[in-house]
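# quick one, what's the 3D model for this:
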Amino acid sequence: MVAPFRLRGAAIGAGYFSPFQYEAWTRIPEVEIVALHNRTESKARDMMARYGIPRYYADWREMIDAEKPDFVDIITPPETHEEMCAYAAARGVHIICQKPLAPTFEESRRIVETAREAGVRFMVHENWRWQPWYRKIKDLQRTNAIGEFTHLYFRMRMGDGWGQDAYLARQPFFRDYPRLLVYETGVHFVDTFRYLLGEVREVYAHLRRLNPVIRGEETGQIFFKFHGGATAILDANRYNEAETESPRYTFGELRIDAMGGHLTMDFDSNLRIKPLGRPAVAVDYRRQNINFAGDCVYALQRHFVDCMKTGARFESSGEDYLKTLRVVDAIYESAARSQVVEVPRE
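Just a heads-up that it's a prediction; the model follows:
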């Protein structure tokens with residue numbers, strides 16, 4: 001009898017986003033999270049009790065050495081990732097690592113190269129493209145429902161970046177990021193735009209800080225031109241509010257123009273397509289408002305496990321994610337120079 005496929009995972013981190021990941025792991029039968037490290041033990045113990053994780057370690061290195069897990073899930077701030085990834089890779093432990101991957105592109109590239117040279121599998125926890133509305137939009141694109149996509153426009157208004165206590169309740173470290181909007185949030189959209197429209201050729205960006213209590217920018221308008229000829233605009237703002245009860249569900253509103261019509265998405269994830277010359281119709285598709293943003297964390301982690309099982313390539317492999325980070329760097333360069341910047345290719 002063939003033994004069932006099982007993965008033993010160890011996790012590092014118990015901050016704001018970690019419950020989404022721990023909860024999603026509990027619904028994947030092939031995975032057991034066997035141990036957890038967090039520098040604040042009380043937070044770690046809370047996660048352990050909530051999600052059935054049996055062991056706590058005060059030192060993450062000791063945890064990796066003692067548990068010898070199949071993979072490590074790194075859910076810590078970006079400045080810690082290079083050391084943790086290198087340590088795990090040197091011990092043959094596969095890695096799934098939260099974004100932002102690292103404070104700089106060069107550090108990110110070193111992380112990816114270290115994992116590759118060690119022969120371990122490495123995936124970035126980039127969950128945006130796994131939101132069910134984007135998977136459905138990709139299906140509509142593949143079936144040519146409205147023809148070739150020509151332009152994408154996304155408007156985001158989060159409303160969590162104004163006032164003296166901006167970000168303190170959820171992610172206080174945001175206040176000290178020298179780069180914020182694009183580095184932390186816009187990177188999701190860059191990756192999703194690449195998923196839908198292909199590789200970015202050039203960008204033009206205007207970025208601005210509105211709230212003086214934070215260091216980085218929280219507002220921006222970014223224009224993208226893709227190698228295939230399509231264009232996109234990200235109109236993003238974490239300062240001003242949206243008129244919706246759940247701005248963190250879809251994170252905004254979307255319109256995609258195409259050769260045969262257009263597609264829209266509202267704050268409640270309702271999709272509609274309007275073929276040219278014909279009435280608009282609602283798109284029927286399955287989504288649930290559970291966990292985070294349509295359960296995209298579960299979908300990403302399910303993908304990780306399926307690829308570990310079959311040997312298939314991760315969608316958000318380290319090498320692929322470096323393409324997203326090149327675009328991020330080009331956006332900041334464009335904003336600094338007030339010029340169109342071409343995105344370097346490998």
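# would you tell me what the next helix or strand after the helix or strand hosting residue 307 is?
Counting by DSSP states H and E, the element that carries residue 307 is helix 296-310. Where DSSP H and E defines the elements, the next helix or strand beyond helix 296-310 is helix 318-337.
# and the next helix or strand past that next one?
Going down the chain from helix 318-337, the next helix or strand is strand 341-342, by DSSP H and E.
# now do the same for the nearest residue to residue 122 once chain neighbours are set aside: its pLDDT.
In this structure, residue 122 finds its nearest non-sequential neighbour in residue 115, 3.7 Å apart by CB to CB, 6 or more residues apart in numbering. Backbone N, C-alpha and C define where each C-beta goes, glycine included. Residue 115 carries a pLDDT score of 98 in this model.
# how much space separates the residue lying closest to residue 102 once chain neighbours are set aside from residue 99?
Leaving aside its chain neighbours, residue 102 sits nearest to residue 108 (4.3 Å; criterion: CB to CB, 6+ apart). According to CB to CB, to the nearest Å, residue 108 and residue 99 sit 10 Å apart.
# got it, and residue 274?
For residue 274, the distance to residue 99 - CB to CB - is 34 Å.
# these two: which has the busier surroundings?
residue 99 (22 against 16; other CB atoms under 10 Å).
# give me the pLDDT for the more buried one.
Listed pLDDT for residue 99 reads 95.
# ok so, going back, correct me, but the residue nearest to residue 102 touches residue 324?
No. Under the criterion of CB atoms under 8 Å, residue 108 makes no contact with residue 324, lying 9.8 Å away.
# who's more crowded, these two?
More crowded of residue 108 and residue 324, by other CB under 10 Å: residue 108, with 27 against 24.
# quick one: that one is in a helix?
Yes. Checked against DSSP: H, G, I helix; E, B strand; the rest coil, residue 108 lies within a helix.
# now do the helices in the stretch 1-150 of the chain.
18-26, 41-51, 60-67, 81-90, 105-118, 132-142 (DSSP state H, counting those that start in this stretch).
# same thing with the stretch 151-300 of the chain?
Under DSSP H, counting those that start in this stretch, the stretch 151-300 of the chain gives helices at 187-197, 247-250, 296-310.
# which of the ones you listed sits most buried?
Highest mean neighbour count of those: helix 187-197, a mean of 22 (counted as mean count of other CB atoms under 10 Å).
# domain-wise, how is this protein divided?
The chain breaks down into these domains under automatic domain parsing: 7-125, 129-293+323-342.
# okay, how far is it across the first one, tip to tip?
With CA to CA, to the nearest Å as the measure, the first residue of domain 7-125 is 17 Å from its last.
# starting at the chain centroid, how far to that domain?
16 Å (CA atoms, centre = their mean, to the nearest Å).
# residue 303 touches residue 310, doesn't it?
No. Contact between residue 303 and residue 310 fails when scored by CB under 8 Å: they sit 10.8 Å apart.
# what's in contact with the helix holding residue 307?
5, 7, 20-21, 23-25, 27-28, 30-31, 70-71, 94, 96, 121, 123, 125-128, 130-132, 135, 291, 312-316 (CB atoms under 8 Å, 6 or more residues apart in numbering).
# OK, contacts around the residue nearest the centre of the chain?
When the chain is reduced to its mean C-alpha position, the nearest residue by CA atoms, centre = their mean turns out to be residue 126, at 2.9 Å. Counting by CB under 8 Å, 6+ apart, residue 126 touches 99, 187-188, 191, 300, 316, 321, 324.
# a markdown table for the helices of the stretch 151-300 of the chain, including distance to residue 211?
Below are the helices of the stretch 151-300 of the chain laid out as a markdown table (distance: least, CB to CB, whole Å):
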| stretch | distance to residue 211 |
| --- | --- |
| helix 187-197 | 20 |
| helix 247-250 | 17 |
| helix 296-310 | 28 |
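# want to try JSON lines for the ones you listed, with mean pLDDT and distance to residue 268 as columns?
What follows is these, written out as JSON lines (pLDDT from 0 to 100; distance: least, CB to CB, whole Å):
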{"stretch": "helix 187-197", "mean pLDDT": "98", "distance to residue 268": "18"}
{"stretch": "helix 247-250", "mean pLDDT": "95", "distance to residue 268": "7"}
{"stretch": "helix 296-310", "mean pLDDT": "98", "distance to residue 268": "16"}
